[in-house]
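*Asks:* A predicted structure for the sequence below; I have some questions about it.
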Amino acid sequence: MRTRHIATIAALALVAAACGGGDDGSSASNGDDSSGTIFVSGSSTVEPISALNAEKFKTDNPNVSITVEGPGTGDGFKKFCAGESDVSDASRPIKDSEAEDCATNGVEYVELQVAVDGLSVVTSTANTAVSCLTFHDLYALVGPESIGFDKWADANDLAAELGGTSGPYPDANLVVTAPGEESGTYDTFVELVIEDLAEQRDQFPASRPDYQASANDNVIIEGISGSDTSLGWVGYAFYIENTDQVKALAVDDGQSGCVTPSAETIADGSYPLARPLYIYVNTTKAEEKAELASFVDFYLGDGLASVGETGYVELDDYSAVLDAWANR
Amino acid sequence: MATGTVDTTTVVRKALEGKRLNVGGLVFEWGMLLLLLSSLLVLVVLLGDIVSGAIPTFRARGFDFVTSGLSLNPETAGVSTAIVGSIAITAVVAVVAFPIGIGAAIYLEEYAPDNRWTRFVDTNIRNLAGVPSIVYGLLGLAIFVRLVDVVGLGGQTGGKNIFSAGLTLAVLVLPIIIITSAEAIRAVPNSIREAGVGVGATPWEVVRHHVLPSAAPGILTGTVLTLARAFGETAPLIVIGVATGFFGAAADATVLERATGPYTALPVVVFSWSRQSVGAFGDTLAPAAIVVLLFVLFVANAGAIILRNRYEKTW
């Protein structure tokens, strides 16, 4: 008697599980005519803006199926040029090799800049010794030749040799926390700050390998605020959300003097570590699919509010972008 | 009787120690207690941190947090999409892993001869149980995502849906299901089998009518706990393409379209919220999602304990 009871329970558990598997628990649908689908892939930096816009767009267009993912700019372009995705988020312009892929597969596209991000060089709020760093200083502190520099002062000789102006640095621990090499934020930093100097000095364009790397920007913020004499860099959105924990250092590219990152200096281009954020739209698909065209219309209209809401900076003037979209 | 034992122990110890204080013994006892407390302290601090972070969310949002879907807006973001996804994945795991795992355990314990080959298989199942979950994620990406696409369940995601996720996690928990089920079957006394065979039952009848029912509580407890493990897995899902951004099916999408579309799961939501720049996601929403996740896991574990106590047999 008892054993039968157990067998019944086991059977019921299996049946219940089986039903669950087929049903997915989602609410039943009515009507079966397929509506449009929009697939956005690409940069994880741009993903929050696109995701927020997708969400807003979906509120008014409930019959559109829309997916936003952020595997990275490179992976995004692979899908985009294979014709898999409709829109590709990008934290850098498309590379020649990627553009060739697109051409081979007959994918035509339009490049639309939707926002600007400013890489912010950050340190602890308790760090009062340093307030501005030149590219030379940054190269001396975190460039390829700075391996083993445990103290800020260790970089003095190199900085002097390069012509850095912020030294001499204090004899304090240098704790570097920054994005890992897989990140677009890392790539941009190396490209903007380190590459030219590394080339001049015949060094491989990369940062020093001996730093605390993380793919999670919030972990970087933790690391920066955890040491009084820390140094690192994050996207502007993460700096501006955590101004109580970290301080942004002004950056000097050797031409325009020390500039602190802010919405204004990033938007007008005076901050030297600003980088444009793009969406690439497949124009053939935008022609075929009305829902895709209206999604991009929304993105470049009311959707631009999402740029600020996700912590990025809007362009001063979108007329060139709107023209590019109108003349696609 | 219990008190009698204690009394005897105390009396004997007193007699042996006399009036001397057993310093070494006391130090050891207190040391062990300290170790226990320190491990508990870590747990308490962790839980306290999570719960204190989650309270503002539940206070402001109440049950609305559990019923709202994915959103990039911290005011409206909730975990319903993730709960549905997690439950669907776990259901696929149950459907796939239970029959295979329990069947394999029955074969190993009841039919397989005790030779070198069986021992080799047995050892390797135990080794598989210790393989890091990320490895199963790579396997899932290479095999199951494609398999799901090939059999026509790929949908718009090309196989990156709850089916490939469920298959991957099923393989992940399979060794644990086999081990716990085999233990439960082994615990059934041989006299039960001998009695069955003695009255002329075939080996299958012995298994079906005597061994399995007797082992069922142990098997169920083990499998419920492994389902909880599958429910909490993150790493393999991220490898096989769980959605981290935003997705929403069309309002008129069919059940199949929804099931084969993008998905997310509770632990993945915790992971992606903790990476958001908007502070509220990491500070209050992620802890609230963790509380929901822990609640589900506690309920599952409590269910396992109740099942065990209700049907447990002593021989």
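*Replies:* Yes, it's here.
*Asks:* Kindly provide the distance from A:Phe39 to A:Phe295.
*Replies:* Counting by C-beta to C-beta, to the nearest Å, the gap from A:Phe39 to A:Phe295 is 11 Å. Heads up, the C-betas are built off the backbone N, CA and C, glycines and all.
*Asks:* Between those two, which contacts overlap?
*Replies:* By the contact definition C-beta atoms under 8 Å, 6 or more residues apart in numbering or on different chains, A:Phe39 and A:Phe295 are jointly contacted by A:Ile66, A:Val87.
*Asks:* Please name the residues that touch B:Pro74.
*Replies:* Each residue near B:Pro74 by C-beta under 8 Å, 6+ apart is listed here: B:Val278, B:Ala280, B:Phe281, B:Thr284, B:Leu285.
*Asks:* Apply 6 Å and report the result again.
*Replies:* For B:Pro74, the contacting residues are B:Val278, B:Ala280, B:Phe281, by C-beta atoms under 6 Å, 6 or more residues apart in numbering or on different chains.
*Asks:* State the phi and psi torsions of the first one.
*Replies:* This means B:Val278. Taking degrees, to the nearest 10, you get phi -70, psi 120 for the backbone angles of B:Val278.
*Asks:* which residues in the stretch 1-150 of chain A form helices?
*Replies:* With DSSP state H, counting those that start in this stretch as the criterion, the stretch 1-150 of chain A has helices at A:2-23, A:47-60, A:73-81, A:96-104, A:135-142.
*Asks:* By mean pLDDT, show me the worst of those helices.
*Replies:* Set side by side, the helices of the stretch 1-150 of chain A give their lowest mean pLDDT on helix A:2-23, at a mean of 43.
*Asks:* what ranges do the helices span in the stretch 151-300 of chain A?
*Replies:* For the stretch 151-300 of chain A, applying DSSP H, counting those that start in this stretch gives helices covering A:156-162, A:184-189, A:195-200, A:217-226, A:236-241, A:263-267, A:283-288, A:290-299.
*Asks:* To A:Ser97, which of the ones you listed lies closest?
*Replies:* Distances from A:Ser97 to each of these were compared by C-beta to C-beta, and the smallest falls on helix A:184-189, at 15.3 Å.
*Asks:* what mean pLDDT does that closest one have?
*Replies:* The predicted model gives helix A:184-189 an average pLDDT of 84.
*Asks:* any residue of it up close to chain B?
*Replies:* No: using C-beta under 6 Å from any C-beta of the partner chain, no contact is recorded between helix A:184-189 and chain B, whose separation bottoms out at 11.8 Å.
*Asks:* which other residues reach that helix?
*Replies:* When contacts are defined by C-beta under 6 Å, 6+ apart, helix A:184-189 is touched by residues A:Thr45, A:Thr73, A:Ser91, A:Leu119, A:Pro179, A:Trp233, A:Gly235, A:Arg275.
*Asks:* Which single residue in the stretch 201-315 of chain B comes nearest to chain A?
*Replies:* Of all residues in the stretch 201-315 of chain B, B:Pro213 sits closest to chain A, with a separation of 3.3 Å (C-beta to the nearest C-beta).
*Asks:* other SSEs contacting the helix or strand hosting that residue?
*Replies:* In this structure, B:Pro213 is located in helix B:212-231 according to DSSP states H and E. Helices and strands touching helix B:212-231, as assessed by 3 or more C-beta pairs under 6 Å, 6 or more residues apart in numbering or on different chains; DSSP states H and E, comprise helix A:2-23, helix B:80-106, helix B:162-186, helix B:286-311.
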